[in-house]
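1. Structure, please.
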Amino acid sequence: YSAPRSDNLERHLRETHKLDEDVIKSLREQRKQVKASARQDHPYHLPFPCPHCDLRYSTDHSLRQRLRQKHPEVRLLFQIKKPNVCCPVEECTVEGLRSREELAAHCRVDHSDAGDFEIIDRSFTTMAEMQ
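-> Sure, this is the predicted structure:
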């Protein structure tokens, strides 16, 4: 028997093989240890290390999910949404710009003496073109 999800396998073990919850819990813990061991044994496949334990993850999403679920002390970091666009004018103190469009609008209003501001969308087919 094989199952795509561990809860289906556990139900099969419970109903078909009449295993009790202690045995199923022990098997679940063994699977977790094997999975965790694989994460530690093959770090080159898993580029995202957890900063709070020895586990590694293949995607940034998986790491963030781990941090939210297993490391509640860092949960607050994920509740604070940081702006991803900053004004390039050094003395400007405006914060919270969330897009290039907001940045252009801010520059047109607050830095109009510096000239016109616009968003230029460019794409490149090679690295040489970009440079």
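2. What about residue 57? Give its phi and psi, please.
-> Dihedral pair for residue 57: phi -130, psi 150, per degrees, to the nearest 10.
3. roughly how far apart are it and residue 6?
-> Distance of residue 57 to residue 6, given as C-beta to C-beta, to the nearest Å: 18 Å. The C-beta positions use only the backbone N, C-alpha and C, and glycine is treated the same way.
4. more crowded one of those two?
-> Higher neighbour count among residue 57 and residue 6: residue 57, with 18 against 12, using other C-beta atoms under 10 Å.
5. For that one, give me its contacts.
-> Residue 57 makes contact with 39, 46, 48-50, 63, 66, according to C-beta atoms under 8 Å, 6 or more residues apart in numbering.
6. mind running it again at 7 Å?
-> Residue 57 sits next to 46, 48, 63, 66 when contact means C-beta atoms under 7 Å, 6 or more residues apart in numbering.
7. Could you do residue 6 as well?
-> Shown in contact with residue 6 (C-beta under 7 Å, 6+ apart): residue 31.
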